[in-house]
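Engineer: Predicted model and sequence follow; I will ask about them next.
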Amino acid sequence: MNERLKGTLARLFAGRGVIVWVGIVVLLAVSSSEVITLLQDGLAGSPEISVQGSLVGLGLCIILALGLRWTAAALGLFIAVAFFFLANGAMFFWTIVAFMAFSALAATSSARSIRAAYLTLCAAWAVQFAFQAHGDAVLLIAVVPLAAMAYVVTRSIYLLREKNAFALRQMQTVEEQTRLAVDRERKNIARDLHDIVAHDITVVAMQSKAAKFANDGQKALEALDIIAKLSTETLHDLRLMLNVLRADGTMADPLSRSNDKPAATTVYALQGAELFVQRLKDANFKVSSTTDEKISELPRSAQTAIYRVMQEGTTNVIKHGALGAKCTFRLTVVGAEAVLEITNQIENSGKKASGLPEGGTGLIGMGDRMRAFGGKFATDSKNGVWRLRASIPF
């Protein structure tokens, strides 16, 4: 209840509300003596100025209150009252207070046409007053400057408030854009970390099992060698990614000067194709590969997207493919598209390889990467063959 009351009071007394209520209070104060006289002596026994002052004062208060919601209507009614009832010096104090209050109210209007019409009609009233008031026309020396001062001061304050409100909206917009950018970057980082870690850990797990169950000591050593090299590459990629995230760059990896492997921050599609084909071969898959040199003409960002899809696709083959089975790996230019196609045989049972990490974000991430470049992504399984196809406009 308190919060609702605070909100209502803030709306009533903020902006033009201050002008309206202060104007009403002053008009009531100016009219109070005339109202008291009218109540004491009655309508018939009161002087004409008391009757007129009471009625005009109360009428102006009502009209000013309308200005809280209908500014243009309130200004129009006031001008009408001014032409008919404030045409001489008999109601000098009402005239000064009313013109100051309504001029300030007009200054808060955002419509230039309303402000211009009000000022024009005020000028016309001043001309009429000068002719009709005769000797009282000298009172314009007080009315015009005070009304003009009320308009100028209020308009200046109103413009300043508008500028502050606009700056606040801009700050809120920037904050919202920054939040969205941070969220997008967080998702990108999470996706890259998934692509790097999920792929490499999967290969490490496979090679660890191969080493564990190998009857041949030489094959076990080869598997351990693959694990060692892959672990080094994974650590290198993660260090490079952390280096990008740190503004001071204090985690620079000295290996980056000599290591030419595709990394988290600098990746090339052709190098990635060569790397992942070799990893499939290391995992005992029979790989048939085709690559097109034109792929190197793609922008770096597009090559990075394809690289990550190749990485995740290779992970899926190692995780779910039939061990020792055939698979194809093609990275070519078809018409106006760069197309990646990976196929592999899967276990007839449809079960995933035991002991390997599972997740559901890989396919989603691959699809997101392709769609971000206006490309396409699709997977299907038919006759025991899993097919992944991704494309980007060339």
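Structural biologist: Noted; the coordinates are in hand.

Engineer: how about the strands in this protein?
Structural biologist: 286-291, 326-334, 337-345, 376-382, 385-393 (DSSP state E).

Engineer: Throw these into JSON lines and include mean neighbour count and mean pLDDT, thanks.
Structural biologist: (Each C-beta comes from the backbone N, C-alpha and C, glycine too.) Output for the strands of the chain, formatted as JSON lines (neighbours: other CB atoms under 10 Å; pLDDT from 0 to 100):
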{"stretch": "strand 286-291", "mean neighbour count": "15", "mean pLDDT": "90"}
{"stretch": "strand 326-334", "mean neighbour count": "18", "mean pLDDT": "91"}
{"stretch": "strand 337-345", "mean neighbour count": "21", "mean pLDDT": "91"}
{"stretch": "strand 376-382", "mean neighbour count": "13", "mean pLDDT": "89"}
{"stretch": "strand 385-393", "mean neighbour count": "19", "mean pLDDT": "90"}
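
Engineer: Compare these and give me the one nearest residue 309.
Structural biologist: strand 385-393 (4.9 Å; CB to CB).

Engineer: What pairs with the closest one, parallel or antiparallel?
Structural biologist: Looking at strand 385-393 with DSSP bridges, its partner strands are strand 337-345 (antiparallel), strand 376-382 (antiparallel).

Engineer: Residues contacting that strand, please?
Structural biologist: Strand 385-393 is contacted from outside by 298, 302, 305-306, 309, 313, 316-317, 320-321, 334, 336-346, 366, 370, 373-381, using CB atoms under 8 Å, 6 or more residues apart in numbering.

Engineer: on that earlier part again, who wins for proximity to residue 65 among the strands paired with strand 385-393?
Structural biologist: Distance to residue 65, taken as CB to CB, is lowest for strand 376-382 among the strands paired with strand 385-393, at 63.7 Å.

Engineer: just the helices in the stretch 251-394 of the chain please.
Structural biologist: In the stretch 251-394 of the chain, the helices defined using DSSP state H, counting those that start in this stretch lie at 269-282, 300-320, 362-372.

Engineer: and residue 329, which of these is closest to it?
Structural biologist: Short answer: helix 269-282, nearest of the helices of the stretch 251-394 of the chain by CB to CB, at 5.3 Å.

Engineer: packing partners for the closest one?
Structural biologist: Secondary structure elements in contact with helix 269-282, counted by 3 or more CB pairs under 8 Å, 6 or more residues apart in numbering; DSSP states H and E, are helix 140-213, strand 286-291, helix 300-320, strand 326-334.

Engineer: Pick the most buried one from those.
Structural biologist: Burial of these is given as mean neighbour count (mean count of other CB atoms under 10 Å); helix 300-320 ranks first at a mean of 23.

Engineer: elements contacting that helix?
Structural biologist: helix 140-213, helix 269-282, strand 326-334, strand 337-345, helix 362-372, strand 385-393.

Engineer: list the buried ones in stretch 63-72?
Structural biologist: Neighbour-count burial for stretch 63-72, counted by 16 or more other CB atoms under 10 Å, picks out 63, 64, 67, 68, 71.

Engineer: so can I have a markdown table of the residues you listed showing distance to residue 151 and pLDDT?
Structural biologist: As requested, the buried residues of stretch 63-72 are exported to a markdown table (distance: CB to CB, whole Å; pLDDT from 0 to 100):
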| residue | distance to residue 151 | pLDDT |
| --- | --- | --- |
| 63 | 18 | 91 |
| 64 | 15 | 89 |
| 67 | 14 | 86 |
| 68 | 18 | 84 |
| 71 | 14 | 88 |
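
Engineer: Which of those fall within helices?
Structural biologist: Members of the buried residues of stretch 63-72 lying in helices (criterion: DSSP state H): 63, 64, 71.

Engineer: which residue packs closest to the first one, ignoring adjacent ones?
Structural biologist: Meaning residue 63. Leaving aside its sequence neighbours, residue 63 sits nearest to residue 77 (CB to CB, 6 or more residues apart in numbering; 4.7 Å).

Engineer: That neighbour touches residue 66, doesn't it?
Structural biologist: Yes. If you go by CB atoms under 8 Å, residue 77 and residue 66 touch, sitting 7.3 Å apart.

Engineer: Compute the distance between residue 183 and residue 174, please.
Structural biologist: 15 Å (CB to CB, to the nearest Å).

Engineer: Ignore what I typed, I meant residue 325.
Structural biologist: From residue 325 to residue 174 the distance is 54 Å (CB to CB).

Engineer: Would you work out how far apart the start and end of stretch 64-76 are?
Structural biologist: Stretch 64-76 has its terminal residues 11 Å apart, counting by CA to CA, to the nearest Å.

Engineer: Just give me how far that stretch sits from the chain centre.
Structural biologist: Relative to the chain's own centre, stretch 64-76 is displaced by 36 Å; criterion: CA atoms, centre = their mean, to the nearest Å.
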